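Participant: Got a sequence here, can you build the structure:
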Amino acid sequence: MGIIDGKPRKRRGRTDYLLCLPLIPGKPPLAVAVLEAKAEDKLASLGIQQSRDYGRRFNTPFVFSTNGHLFAEFAEDTQHIRDALPLVQFPTPDELRQRYEALKKISLTSDADLRIHNQLVDAARILGLRVVDPIIVTKKGDCSFQQVVSDVT
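Facilitator: The predicted structure follows:
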């Protein structure tokens, strides 16, 4: 149960749009953002908290809310809400990719990073674990696949 527009409402738990980047053919795309759509006559930022909740569920670092004319954004890289932005300023997939790579300190075009990413996600699913942060391996080598598996078992 939640309060939406000042009225108690049962939350259905469905995101309006999950923005994903394709990485490897035949593999699931990487979810990088959640977009919550609201009615035209509502504030663009009305759905930002709902979007943040969904963003935590899908582990996306960027969340957006829009009324079709303007949008609001909360992002892990900036740690603040930007509101009443015109839609022409909505980030492109390439901009989201660049921001994601900078935030996670990886390259989504690096074969090695993508291979490790897929191994981590596959291992977590096999072990029945929820993937908290599917890309935890940085170029600095902060964590390896073997370390993750040994920490889990």
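Participant: quick one: the residue nearest the centre of the chain from A39, how far?
Facilitator: Residue closest to the average C-alpha location in the chain (CA atoms, centre = their mean): T60, at 1.5 Å. Distance, T60 to A39, using CB to CB, to the nearest Å: 23 Å. For the C-beta atoms, the positions are set from N, CA and C on the backbone; glycine is no exception.
Participant: quick one: contacts for P93?
Facilitator: L19, L21 (CB atoms under 8 Å, 6 or more residues apart in numbering).
Participant: how far away is it from R56?
Facilitator: 22 Å.
Participant: Please apply the same query to E95.
Facilitator: Counting by CB to CB, the gap from E95 to R56 is 22 Å.
Participant: ditto for R115
Facilitator: 27 Å.
Participant: Isn't F71 up against V88?
Facilitator: No. F71 lies out of contact with V88 (CB atoms under 8 Å); the separation is 10.2 Å.
Participant: which intervals of the protein have sub-threshold pLDDT?
Facilitator: 1-13, 117, 120-121, 124-125, 127-153 (pLDDT under 70).
Participant: Select the longest strand from it.
Facilitator: When the chain is parsed with DSSP state E, its longest strand is strand 30-37.
Participant: how about that one: buried residues?
Facilitator: Buried residues in strand 30-37, counting neighbours by 16 or more other CB atoms under 10 Å, are found at L30, A31, V32, A33, V34, L35, E36, A37.
Participant: And the helix or strand just after that strand, what does it pack against?
Facilitator: Sequence order places helix 48-58 as the next helix or strand after strand 30-37, per DSSP states H and E. Using 3 or more CB pairs under 8 Å, 6 or more residues apart in numbering; DSSP states H and E, the elements in contact with helix 48-58 are strand 30-37, strand 62-66, strand 70-75.
Participant: Any idea which of these gets closest to I24?
Facilitator: strand 30-37 (9.6 Å; CB to CB).
Participant: in its sheet, what does the closest one sit against?
Facilitator: strand 17-21 (antiparallel), strand 62-66 (parallel) (DSSP bridges).
Participant: chain center to it, what's the gap?
Facilitator: Taking CA atoms, centre = their mean, to the nearest Å, the mean C-alpha location of strand 30-37 is offset from the chain mean by 6 Å.
Participant: give me the beta-bridge partners of the nearest residue to A44 once chain neighbours are set aside?
Facilitator: Closest residue to A44 apart from its sequence neighbours, by CB to CB, 6 or more residues apart in numbering: L70 at 3.9 Å. In this structure, L70 bridges to P86 when assessed by DSSP bridges.
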